[in-house]
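Chemist: Quick one: sequence plus predicted model below, questions after.
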Amino acid sequence: MIFPDPVGMWTGSVGGGGGGGLTFTQSGVVSKSGSSTIQFTVPAAGIPAGTFVSVAWFNSNSARTLNSVSDTKGNVYSLGTELSFSGNKIGLAFCASTLHPIDPGEIITLTFSGSSNFLLASVGYATGIVTVSPSDKTAVGGGGSSSPSATTIAIAQASELVIGAVYNDALRTVTEAAGYTTAGDVTLNVYRLHTAYKFVSAIAAQTYAPTLSSNATWGEVLVTYKTV
């Protein structure tokens, strides 16, 4: 079964603090049970050509590998960063720059190496990101508490986009970390996938540390992306 996000629930554009022309727009979220693929249907606003696309994902079976991310327009995606923790897997994939616009109703597909009980995904796009090798620093973390956290080493340049994704296995609600804007939040069964972003304007280590409503097993990935 596929459970799409209600239209517009997590959609919006926010200018960043790292310079002119930096925006992040959340397209939406989706969940699916009992499958090796999960498909996100692009909403009415579409995804323009020449934008960076972020795809956060969760798989309840850490033995499954993300084989590919693709869309119906043939844009090229990188599998990015992932973490296996406590039998689950979480990751951040991306398309550095869409050569073709992804029109409303078209599909972004994540394909895994085998079927899993529960899959979650969150999709958004940004402007102002470099189009060649945009990933800069990464960090991962996992634990059993109400305080998920991951911290990178110092980023390479002052202006970057920072995206954090965290799952928990007990439907704990998430209080957003200071300075971040929530980009997506989706649940299925006992699992929650929560994503957030911020633009920064100084060279420093980056941390994403939201707060859960109570203790739970959690896993987190954090990636920074260079802006133009």
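Modeler: That came through, no problem.
Chemist: Which helix or strand contains the residue nearest in space to the middle of the chain?
Modeler: Nearest to the geometric centre of the chain sits Ala56, at 2.7 Å (C-alpha atoms, centre = their mean). Taking DSSP states H and E as the criterion, Ala56 maps to strand 52-59.
Chemist: With Leu161 instead?
Modeler: Per DSSP H and E, the secondary structure element for Leu161 is strand 159-168.
Chemist: Off-centre distance for that strand?
Modeler: Distance, stretch centre to chain centre, for strand 159-168: 7 Å (C-alpha atoms, centre = their mean, to the nearest Å).
Chemist: With only the CA atoms kept, save that strand in CSV.
Modeler: Provided in CSV are the C-alpha atoms of strand 159-168 (Å, rounded to 0.1, in the frame of the first residue of the first chain):
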residue,chain,number,x,y,z
SER,A,159,27.8,29.1,2.3
GLU,A,160,26.2,25.6,2.3
LEU,A,161,22.9,23.8,2.6
VAL,A,162,22.7,21.4,5.5
ILE,A,163,20.1,18.6,5.5
GLY,A,164,19.5,16.2,8.4
ALA,A,165,17.3,13.1,8.4
VAL,A,166,16.4,11.1,11.5
TYR,A,167,14.2,8.1,12.1
ASN,A,168,12.8,6.6,15.3
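Chemist: before we move on, back to that, buried residues in the helix or strand following the strand holding Ala56, which are they?
Modeler: Going down the chain from strand 52-59, the next helix or strand is strand 66-71, by DSSP H and E. Of the residues in strand 66-71, those buried by neighbour count under the rule 16 or more other C-beta atoms under 10 Å are 66, 69-71. Quick note: C-beta positions are derived from backbone N, CA and C, even for glycine.
Chemist: Likewise for stretch 217-228?
Modeler: Across stretch 217-228, burial judged by 16+ other C-beta under 10 Å covers 217-227.
Chemist: before we move on, what about stretch 68-81?
Modeler: So, applying 16+ other C-beta under 10 Å, buried residues of stretch 68-81: 69-71, 73, 75, 77, 79-81.
Chemist: Report the distance from that stretch to the chain centre.
Modeler: The answer for stretch 68-81 is 14 Å, by C-alpha atoms, centre = their mean.
Chemist: Ok, stretch 65-79 next?
Modeler: 14 Å.
Chemist: Show the end-to-end separation of it, please.
Modeler: 10 Å (C-alpha to C-alpha, to the nearest Å).
Chemist: if we can go back for a sec, CA atoms only: put the strand holding Ala56 into CSV for me.
Modeler: Taking Å, rounded to 0.1, in the frame of the first residue of the first chain, the C-alpha atoms of strand 52-59 are listed here in CSV:
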residue,chain,number,x,y,z
PHE,A,52,19.1,20.2,-6.8
VAL,A,53,16.8,17.4,-5.6
SER,A,54,17.1,15.8,-2.1
VAL,A,55,15.6,12.4,-1.4
ALA,A,56,15.6,11.2,2.3
TRP,A,57,14.6,7.6,2.8
PHE,A,58,14.1,4.9,5.5
ASN,A,59,14.0,1.2,5.1
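Chemist: This completes my enquiry, with thanks.
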